[in-house]
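Q: Sequence plus the predicted model coming up.
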Amino acid sequence: MSDIQAVLARVDDNLPSSLETLFELVRIPSISTDLAYAPHCREAAEFLANYLTGIGFNASVHNTTGHPMVVAHHEGQGADCPHVLFYGHYDVQPVDPLNLWHNDPFDPAIREGVNGEKIISGRGTSDDKGQLLTFLEALRAFKQERGGLPLKVTILFEGEEESGSPSLLPFLEANKDELKADFAMVCDTGMWDAQTPSICASLRGLVGEEITIRAATRDLHSGGYGGVAANPLHVLSDILAGLHDDTGAVTLPGFYDGVEETPPEIKAVWAELEKSQSAFLSDIGLSTPSGEKGRSILELLWARPTAEINGMSGGYTGKGFKTVIAAEAMAKVSFRLVGKQDPQKIRDSFRAYVRSKLPVDCRVEFQSEGASPAIQLPYDSALLAKAKQALSQEWPKPAIVTGGGGSIPIVGNFQTLLGMDSLLVGFSLDDDCVHSPNEKYNLTSFHKGIRSWVRILQVVSNP
């Protein structure tokens, strides 16, 4: 039996004990958003630190202004082996509404899924306790078979991911020398389907703005002032309507600076994937993609920037009718960024555009609602190629490279603060009910997820 096959066989033999470890962790109700559960968050942190100590890591629990962090280190076998930082989170979402759960959310068990598959039920099984344990159990198998790890590993687990991670950035800044590695690995994403593993090579960044336009000193009677007084709702509507041209492109000057075209071979794969997603829009009662014309749905979601109006208000919106000219109007606008778009330049361009469209007698105020750059692992990255090869050896179908329409701020922090690219590999599925009642994690996702990390760690440790 080859060396890697021996480690994989150990994973198979360990599955019952791996599941028991997951059950113990899931039984801890580590809900970060509710301070009543703070002792349980600490309990989960200490559980993981003790686990890591038990497999030979130098592990410790670090206090923060919120819930604690877990940091652990283990040397690799070989002086020149790579160094990886693995990130996960032990906190979970609240379970409300509890009456919609089929079983106690903190009483995990192996049950039968809707299609007859074996599932692991319970809050956090998919997001993110089951995911992070796939990595840890791969490390345990290596230690049992080889007595060491194929590369140097640093672990960072936080307990506030589900509540905005307020302590994370200060912790990274204060401990960046200790946490810096050659690259990061994150297991908080999913597979394309139950047979097809995927690597998320990109995440869109985000710029949020709240804009308020004011004119008269008070709401006005539309009969007495209509056609004479400036109407902030008209002004705001005109400004927001001008954010896109007839092709769906965003009109802000310099908006597409740093946006690169997706390689044709990647777009070809996405085009094939899209054929299996015919219900993507019909499931939500739509039929035709909006946005830039001539782009596929997956390209629009994963590789193109956006400008979206998330909310508008002003004037009278209650029951009945009130003929007023509002004194002010407000909108919330967000921009999803890709490639090398600069969040600050996007914000500055938007504000300059708004001011340029502002009529006499109108004033504008802006409120920033956060900004983060996009993340892009180069498509020709050797790390990406190796991970793709390893995953393809484990699963029925070859691994694919996808993108993420949303954002994972920690990955941006790793890039900007620690100078590291991140490999995002996860094994959750769309029907895992993450953040919803009846969260689950397929037993296959857990088992083959562990085996997948064994293969990935082995292949990336080789020059």
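A: Sure, I can see it. Numbers count the residues shown, from 1 in each chain.

Q: Quick one: the helices in this protein, in order.
A: Taking DSSP state H, the helices of the chain run over residues 3-26, 38-54, 129-146, 168-174, 176-179, 222-225, 232-241, 264-274, 279-282, 297-302, 343-356, 382-394, 409-418, 443-460.

Q: Looking at those, spot the one closest to Gly159.
A: helix 38-54 (4.6 Å; C-beta to C-beta). All C-beta atoms are positioned from the backbone trio N, CA, C, and that covers glycine.

Q: helices and strands around the closest one, which ones?
A: Applying 3 or more C-beta pairs under 8 Å, 6 or more residues apart in numbering; DSSP states H and E, one finds that helix 38-54 contacts helix 3-26, strand 58-62, strand 69-74, strand 152-158.

Q: Can you report how many residues neighbour the nearest residue to Val425 once chain neighbours are set aside?
A: In space, and not counting its chain neighbours, Val425 is closest to Ile199: 5.6 Å by C-beta to C-beta, 6 or more residues apart in numbering. Ile199 has 22 neighbours, counted by other C-beta atoms under 10 Å.

Q: What's opposite Ile199 in the beta bridge?
A: Val401, Val425 (DSSP bridges).

Q: Tabulate the helices of the chain in JSON lines, adding columns for mean pLDDT and mean neighbour count.
A: Formatted as JSON lines, these follow (pLDDT from 0 to 100; neighbours: other C-beta atoms under 10 Å):
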{"stretch": "helix 3-26", "mean pLDDT": "97", "mean neighbour count": "17"}
{"stretch": "helix 38-54", "mean pLDDT": "98", "mean neighbour count": "19"}
{"stretch": "helix 129-146", "mean pLDDT": "98", "mean neighbour count": "24"}
{"stretch": "helix 168-174", "mean pLDDT": "96", "mean neighbour count": "16"}
{"stretch": "helix 176-179", "mean pLDDT": "97", "mean neighbour count": "14"}
{"stretch": "helix 222-225", "mean pLDDT": "95", "mean neighbour count": "13"}
{"stretch": "helix 232-241", "mean pLDDT": "97", "mean neighbour count": "18"}
{"stretch": "helix 264-274", "mean pLDDT": "91", "mean neighbour count": "14"}
{"stretch": "helix 279-282", "mean pLDDT": "83", "mean neighbour count": "11"}
{"stretch": "helix 297-302", "mean pLDDT": "94", "mean neighbour count": "20"}
{"stretch": "helix 343-356", "mean pLDDT": "98", "mean neighbour count": "16"}
{"stretch": "helix 382-394", "mean pLDDT": "97", "mean neighbour count": "18"}
{"stretch": "helix 409-418", "mean pLDDT": "89", "mean neighbour count": "20"}
{"stretch": "helix 443-460", "mean pLDDT": "98", "mean neighbour count": "23"}
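
Q: tell me the domain boundaries of the chain?
A: According to automatic domain parsing, the chain comprises the domains 3-203+374-460, 205-261+290-372.

Q: For those domains, please prepare a markdown table with the additional fields distance to Val269.
A: Converted to a markdown table, these look like this (distance: least, C-beta to C-beta, whole Å):
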| stretch | distance to Val269 |
| --- | --- |
| domain 3-203+374-460 | 6 |
| domain 205-261+290-372 | 9 |
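
Q: Return the residues in contact with Val207.
A: 334-335, 337, 343, 346-347, 350, 370-371 (C-beta atoms under 8 Å, 6 or more residues apart in numbering).

Q: Look up how far Leu300 lies from it.
A: For Val207, the distance to Leu300 equals 18 Å [C-beta to C-beta, to the nearest Å].

Q: I'd say Leu151 and Gly76 touch.
A: Yes - look at Leu151 against Gly76 with C-beta atoms under 8 Å: they come within range, at 4.3 Å.

Q: Tell me which of these two has more neighbours.
A: It is Leu151, of Leu151 and Gly76, that has more neighbours when counted by other C-beta under 10 Å, with 22 against 18.

Q: For that one, give me its contacts.
A: 76, 81-84, 457, 460-461.

Q: Which of those sits closest to Leu35?
A: Closest approach to Leu35 among those (C-beta to C-beta): Val84, at 33.5 Å.

Q: Any idea what that closest one is bridged to?
A: Val153, Phe183.

Q: on that earlier part again, the helices of the chain: which one's closest to Glu308?
A: helix 232-241 (10.2 Å).

Q: Check which helices and strands the closest one sits against.
A: strand 205-214, strand 306-314, strand 328-337.

Q: From what I see, the residue nearest to Val425 and Leu391 are in contact.
A: Yes - between Ile199 and Leu391 there is a contact under C-beta under 8 Å: 7.1 Å.

Q: Tell me how far Glu272 lies from Val61.
A: Plainly put, Glu272 is 46 Å away from Val61 if you go by C-beta to C-beta.

Q: Same question for Lys180.
A: Per C-beta to C-beta, Lys180 is found 21 Å from Val61.

Q: and what of Gly122?
A: Relative to Val61, and taking C-beta to C-beta, Gly122 is found at 23 Å.

Q: what about those two, which has more around it?
A: Legend: neighbour count by other C-beta under 10 Å for Gly122 and Val61, higher for Gly122 (29 against 17).

Q: count of residues packed around the closest residue to the more buried one other than its chain neighbours?
A: Using C-beta to C-beta, 6+ apart and skipping the chain neighbours, the partner closest in space to Gly122 is Pro108 (3.5 Å). Pro108 is flanked by 27 other residues according to other C-beta under 10 Å.

Q: so Val70 sits right up against Asn50, yeah?
A: No - the criterion here is C-beta under 8 Å, and Val70 misses it with Asn50 at 10.0 Å.

Q: Find the residues that touch each one of those two.
A: Joint contacts of Val70 and Asn50 (C-beta under 8 Å, 6+ apart) are Ala59.

Q: Who are the contact partners of Phe183?
A: Residues in contact with Phe183 (C-beta under 8 Å, 6+ apart) are 82, 84-85, 383, 420-423.

Q: Would you list the buried entries among those?
A: Among those, the ones that count as buried by 16 or more other C-beta atoms under 10 Å are 82, 84-85, 383, 420-423.

Q: What is the nearest of the residues you listed to Val364?
A: Among these, and counting by C-beta to C-beta, the member closest to Val364 is Ser422, at 37.5 Å.

Q: Contacts only, for that closest one.
A: The contact partners of Ser422, by C-beta under 8 Å, 6+ apart, come to 183-186, 375, 377, 411, 414-415.

Q: Include distance to Phe135 when you put the residues you listed into JSON lines, please.
A: Formatted as JSON lines, the contacts of Ser422 follow (distance: C-beta to C-beta, whole Å):
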{"residue": "Phe183", "distance to Phe135": "14"}
{"residue": "Ala184", "distance to Phe135": "12"}
{"residue": "Met185", "distance to Phe135": "7"}
{"residue": "Val186", "distance to Phe135": "10"}
{"residue": "Ile375", "distance to Phe135": "20"}
{"residue": "Leu377", "distance to Phe135": "18"}
{"residue": "Val411", "distance to Phe135": "16"}
{"residue": "Phe414", "distance to Phe135": "16"}
{"residue": "Gln415", "distance to Phe135": "20"}
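
Q: Nearest to Pro232 among these?
A: Among the contacts of Ser422, and counting by C-beta to C-beta, the member closest to Pro232 is Ile375, at 37.0 Å.

Q: How about the closest one, nearest residue that isn't a chain neighbour?
A: If the residues on either side of it in the chain are set aside, Ile375 comes closest to Leu203, at 4.4 Å by C-beta to C-beta, 6+ apart.
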